[in-house]
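Colleague: fold the following and give me the result.
(chains A and B)
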Amino acid sequence: MTDYASRIAYLERIKPTKIIIWTLLFLGGIVMVTPLAFMISTSFKTGADVFSLGIIPKNPTLENYIYIWTESQFSRWMLNSLWVATFSTASVVFFDSLVGYTLAKFTFRGQTIVFIAILSTLMIPTEMLIIPWYMMSREFGWIDTYWGIAFPGLMTGFGTFLMRQFFMGLPDELIEAARIDGWSEFAIWSRIAMPLVVPALSALAIFHFLGNWTAFIWPLIVTNSPELYTIPVGLASFNGEFQTDWEIVMTASCLATLPTLLVFLVLQKFIIRGVMLAGLKG
Amino acid sequence: MFVSFWNKLSINQKLAITAWLFLAVPIVFYVCIRFYPTFEAFYVSTLKWNLLGAKKYIGLRNYEKIFADEDFWLVLLNTFKYAGLGVPISLFIAFCVAYFLNEITRWHDFIRALYFIPFLTTAVAMAWVWKWFYQPLPIGYFNFFLNYLGIAQQPFLKSVTQGLYAIMAPAVWAGLGFQVVIFIAGIRAIPRSYYEAAEIDGAGRWQILREITLPSLKPTVIFLTVVSTIGFLRIFDQVYSMTTNGDGGPLNTTKPIVLMIYEFAFDEFKIGRASALTVILFVILLVISMFQLWLMRKKP
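Modeller: Numbers count the residues shown, from 1 in each chain, chains lettered A, B, ... in the order given. Below you'll find the model as predicted:
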């Protein structure tokens, strides 16, 4: 009896406007993922089936995936992207946090100048550096190499700034105590300070990796041979070649997108918190 | 000898040396990969050079040529159209979504995820999906839908009037999730006591939104406006992948400034003129960043 009454009270508290808001938001969300849903569904369709616009494939097939895997260099591009993004992210995590820590926890002459100099690189758009980087790459033979794709992003002003903000929040006493115990400065950084900023580090790593995975203009310029393409450059090269084979192109797009989506599904809370963190501190 | 030298130093001197040791490799990187190229871009912008032949100093002639070029003004207009429309549209939608999303609890995380997911996609891959949606019948979804409603087929990407908006749409779509999440964070950071005080004063929902929520969100709005304005002014991936042969067509009506830089440098090998255009882009972005700093500082 009381249970029934409390349920009525609960239902009465849900106002109709709330229900309308919820429904609209939900439908909007569905609209947002519709392009992805159609992309995934088409990747399982046969060439003839593409013209029947339904979302459920009539004769689901893996043929497109097999075709992409055997007839194009997609697997090679995926490895290229993975290798470049991993290498670059490892470098950013190491150097940005080392520099951020040094600027936050050491006192020395010239500190402010170094900080302002690094911060000022945030004002320089990548597009302005692309031509000098290209000239440099031609000079040193970095065209069509992994190093050539990765070198511009090995350290970032944004990451350094972000890490400095977080290291400034650590108590100085902790570092002093370790110094008195005879720890080396490098060990204090790597074994005491670093574990304390893991949330910021992982946010930085996720963003840098994602940025590298989707980066387009620089890899497009610095690679000429298809063996060195990253995924986005390879996808763009489909322009012309597979012009009308939409099911093949959708399969390739799927393969480009699914890794980041899977990572998101696993680390959802973590990634959203990372965006908020980076957005608020940065 | 080194050890005795080291032992003679005071603790502060030792720490300063350690700091510079930590900074050594990064300083080399920033000097070689950031600062030197920046100056080189300015220097190259005063040259006539095709990357292979001799460099010829021509002063500001590259800039004069760019400003005399009708295509440049069209491209500049296109670029400002992407930003001028894309930013307010996406910020408005993102704010509405965030504002209401903040009020619901049922499936909150799931619905937020639906809005956020497009942010994680690769622009080039999604360009293909949208390009496919824009196709004429029988395969294009948008035209299928229009046809169903009894509206005539539209050319979308093939049209000089619709092309730019057709390319802007996926850019807005992909950026929305980021803005929603930042807005939610901003709304949550507003102290509850503000709302409670307003409710005691008998303020209505609309009044609370106008007099408490929106003013408190000013820093968030400035941050998002600047970040997305810079993003839209630098639009390239979508245009390159959605237009035929990546030419910013039809008739240059969708071409943004970065695509023009790319064509000058890597199709026509006018390295000097391309560099001059990057300097112009740099100045535009700098003015916007300065404007942001100025807006932020005006706040008490």
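Colleague: in what helix or strand does the spatially most central residue of chain A lie?
Modeller: Nearest residue to the geometric centre of chain A (C-alpha atoms, centre = their mean): A:Leu210, 1.3 Å. Assessed by DSSP states H and E, A:Leu210 sits inside helix A:198-214.
Colleague: the next helix or strand after that helix vs chain B: in contact?
Modeller: Using DSSP H and E, the helix or strand that follows helix A:198-214 in sequence is helix A:217-222. Yes: for helix A:217-222, a contact with chain B is found by C-beta under 8 Å from any C-beta of the partner chain, at A:Ile217, A:Leu220, A:Ile221. Heads up, the C-betas are built off the backbone N, CA and C, glycines and all.
Colleague: the residue nearest to A:Phe51 when sequence neighbours are not counted: neighbour count?
Modeller: Nearest non-adjacent residue to A:Phe51, counting by C-beta to C-beta, 6 or more residues apart in numbering or on different chains: B:Pro138, 5.4 Å away. Close neighbours of B:Pro138, defined as other C-beta atoms under 10 Å in any protein chain shown, add up to 12.
Colleague: state the helix or strand in which the residue nearest the centre of chain B lies.
Modeller: For chain B, the residue nearest the mean C-alpha position is B:Gly231 (0.4 Å; C-alpha atoms, centre = their mean). B:Gly231 is part of helix B:218-233 when elements are defined by DSSP H and E.
Colleague: and B:Leu114, by the same measure?
Modeller: Here B:Leu114 sits within helix B:108-116, counting by DSSP H and E.
Colleague: pLDDT score for residue 34?
Modeller: All of this refers to chain A. As predicted, A:Thr34 sits at a pLDDT of 93.
Colleague: not quite, go with chain B.
Modeller: pLDDT, read off for B:Arg34, is 95.
Colleague: ok, now how distant is the closest residue in space to it that isn't next to it in sequence from A:Met155?
Modeller: Spatially, and ignoring its direct neighbours in sequence, B:Arg34 is nearest to A:Thr121 (4.6 Å; C-beta to C-beta, 6+ apart). In this structure, A:Thr121 and A:Met155 are 9 Å apart, going by C-beta to C-beta, to the nearest Å.
Colleague: tell me, what's touching those two both at once?
Modeller: The contact sets of A:Thr121 and A:Met155 overlap at B:Tyr30 (C-beta atoms under 8 Å, 6 or more residues apart in numbering or on different chains).
Colleague: what's around A:Tyr146, how many residues?
Modeller: There are 16 residues near A:Tyr146, going by other C-beta under 10 Å.
Colleague: residue ranges of each domain in chain A, please.
Modeller: A:2-65, A:66-281 (automatic domain parsing).
Colleague: got a markdown table for the ones you listed, with distance to B:Ala54 too?
Modeller: Below are the domains of chain A laid out as a markdown table (distance: least, C-beta to C-beta, whole Å):
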| stretch | distance to B:Ala54 |
| --- | --- |
| domain A:2-65 | 50 |
| domain A:66-281 | 15 |
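Colleague: go through those and find the least confident stretch.
Modeller: domain A:2-65 (a mean of 83).
Colleague: got the buried residues for the longest helix along chain B?
Modeller: Ranked by number of residues, the top helix in chain B under DSSP state H is helix B:70-101. The neighbour-count check on helix B:70-101 (16 or more other C-beta atoms under 10 Å in any protein chain shown) flags B:72, B:74-76, B:78-83, B:86-87, B:90-91, B:93-95, B:97-101 as buried.
Colleague: cool, stretch B:129-147 as well?
Modeller: B:129-135, B:139-144.
Colleague: what residues does that stretch touch?
Modeller: A:35-36, A:38-39, A:42, A:50-51, A:53, A:246, A:249-250, A:253, B:152-157, B:166, B:169-170, B:241-242.
Colleague: tell me the domain ranges of chain B?
Modeller: Taken from automatic domain parsing, chain B resolves into B:2-44, B:65-298.
Colleague: with distance to A:Val197 as extra columns, can I get those domains in CSV?
Modeller: CSV is the format used below for those (distance: least, C-beta to C-beta, whole Å):
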stretch, distance to A:Val197
domain B:2-44, 16
domain B:65-298, 19
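Colleague: just those: most buried one?
Modeller: domain B:65-298 (a mean of 18; mean count of other C-beta atoms under 10 Å in any protein chain shown).
Colleague: now do the residue nearest to B:Tyr194 when sequence neighbours are not counted, the pLDDT please.
Modeller: Nearest residue to B:Tyr194, sequence neighbours excluded (C-beta to C-beta, 6+ apart): B:Ile212, at 5.1 Å. In this model, B:Ile212 is scored at 88, pLDDT.
Colleague: what residues does the stretch 151-300 of chain B put near chain A?
Modeller: Checking the stretch 151-300 of chain B against chain A by C-beta under 8 Å from any C-beta, the hits are B:173, B:176-178, B:181-182, B:184-185, B:189, B:223, B:230, B:234, B:236-237, B:240-241, B:245-246, B:258, B:261-262, B:265-266, B:271, B:274-275, B:278-279, B:281-282, B:285-286, B:289.
Colleague: now, those that are in helices?
Modeller: Those of these lying in helices (DSSP H): B:173, B:176-178, B:181-182, B:184-185, B:223, B:230, B:237, B:240-241, B:258, B:261-262, B:265-266, B:271, B:274-275, B:278-279, B:281-282, B:285-286, B:289.
Colleague: and B:Phe72, what is it in contact with?
Modeller: Neighbours of B:Phe72 in contact, by C-beta under 8 Å, 6+ apart: B:Ile66, B:Met260, B:Leu277.
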